[in-house]
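[1] model this:
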Amino acid sequence: MDIQIILIAAAIVGGTGLFIGLFLGVAGEKFNVEVDEKELAIAAVLPGNNCGGCGYAGCDALAKAIANGEAPAGACPVGGAPVAAKISDILGVETEEYKHMVAFVKCGGGCSKTKQNYNYYGVEDCKFLEFVPSGGAKACNYGCTGFGSCKKVCEFGAIDIVDGIAVIDKERCKACGKCVLECPKSLIEFVPYEARYIVQCSSKDFGKAVKTSCSVGCIGCKLCTRVCEVDAITVENNIAYIDQKKCIGCGKCAEKCPSKIIKNNI
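    Residues are numbered from 1 along each chain as shown. Modelled structure (predicted):
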């Protein structure tokens, strides 16, 4: 083979490689995106669940928001106070007061307490029951269906189905919010971890209709509001609501409730 041809081919290949190398070098400099060291440090201490409970797409998105001052140091519900403290150190700011929140189910009407209109045989999915008669077999249309769609999305094993209703273990709950979004009846909400008393009912029916379908439903009698000395309880749409910011945990409302749907959460 002619040595000249070999040299030309080698020169072409070498020149092409050199051109590509120079091009990539220039492009790398031009399109280089500076990485915020604080953002990387924050991302490193976040739990990495990417649950979305903070309101952002994932842990990296939250880290960027915190580094840019768009989210507080304690924005991660899964990491809680320990992670908030580490992020505060990274940012060089004082640790913010962290409010430990947990989820709870606003329904106490299990199978043993709620009337069944019929026997249901079909897809065991809470959202699917929106398309069946009366929204499911239970006589109370507001209550938990018990098919555990919330349990299926919980990454922390904090939810169990007991007697046909979802029950949340607040010691395991990380307040990521997935169960809240999954429940088609909006029965799950957040309360402070230290909340003493909660109302386990969501029925908006009047008293007689409530007692016909469930033995532990709120009848809107307002006896709880009358005994509350700090005005922490109101009754709206025939259902009692406890303002946890006002509640002092005396328990008088629970003692007076004829339906016993105000439960001690400790």
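
[2] break the protein into its domains for me.
    Per automatic domain parsing, the domain ranges recorded for the chain read 37-91, 100-193, 195-266.

[3] export those domains to a markdown table and tack on distance to I20 and mean neighbour count?
    C-beta coordinates here come from the backbone N, C-alpha and C atoms, glycine included. Formatted as a markdown table, the domains of the chain follow (distance: least, Cβ to Cβ, whole Å; neighbours: other Cβ atoms under 10 Å):
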| stretch | distance to I20 | mean neighbour count |
| --- | --- | --- |
| domain 37-91 | 30 | 18 |
| domain 100-193 | 45 | 18 |
| domain 195-266 | 63 | 18 |
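
[4] reformat these as CSV; add distance to T16.
    Formatted as CSV, the domains of the chain follow (distance: least, Cβ to Cβ, whole Å):
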stretch, distance to T16
domain 37-91, 36
domain 100-193, 50
domain 195-266, 69
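
[5] make a markdown table out of the ones you listed and add mean pLDDT.
    As requested, the domains of the chain are exported to a markdown table (pLDDT from 0 to 100):
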| stretch | mean pLDDT |
| --- | --- |
| domain 37-91 | 89 |
| domain 100-193 | 91 |
| domain 195-266 | 93 |
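
[6] for the protein, which segments count as helices?
    3-30, 37-45, 59-67, 80-91, 149-153, 178-182, 207-213, 223-227, 252-256 (DSSP state H).

[7] counting contacts, what elements does the last one pack onto?
    Packed against helix 252-256 by the contact rule (3 or more Cβ pairs under 8 Å, 6 or more residues apart in numbering; DSSP states H and E) you find helix 223-227, strand 262-264.

[8] tell me which of the helices of the chain lies nearest to A166.
    For the helices of the chain, proximity to A166 was assessed by Cβ to Cβ; helix 149-153 is nearest, at 5.3 Å.

[9] and that closest one, what does it pack against?
    By 3+ Cβ pairs under 8 Å, 6+ apart, helix 149-153 packs against strand 159-162, helix 178-182.

[10] go with 10 Å
    Helix 149-153 makes packing contacts with strand 159-162, strand 165-168, helix 178-182 when contacts are defined by 3 or more Cβ pairs under 10 Å, 6 or more residues apart in numbering; DSSP states H and E.

[11] ok, which of these comes nearest F104?
    Closest among the helices and strands packed on helix 149-153, using Cβ to Cβ: strand 165-168, at 5.7 Å.

[12] check the offset of the closest one from the chain's centre.
    14 Å (Cα atoms, centre = their mean, to the nearest Å).

[13] do stretch 67-84 as well
    15 Å.

[14] same check on stretch 82-95?
    Centroid displacement of stretch 82-95 relative to its chain, using Cα atoms, centre = their mean, is 23 Å.

[15] could you dump the helices of the chain to a markdown table with distance to Y193?
    Conversion of the helices of the chain to a markdown table gives the following (distance: least, Cβ to Cβ, whole Å):
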| stretch | distance to Y193 |
| --- | --- |
| helix 3-30 | 49 |
| helix 37-45 | 22 |
| helix 59-67 | 21 |
| helix 80-91 | 10 |
| helix 149-153 | 19 |
| helix 178-182 | 16 |
| helix 207-213 | 29 |
| helix 223-227 | 22 |
| helix 252-256 | 19 |
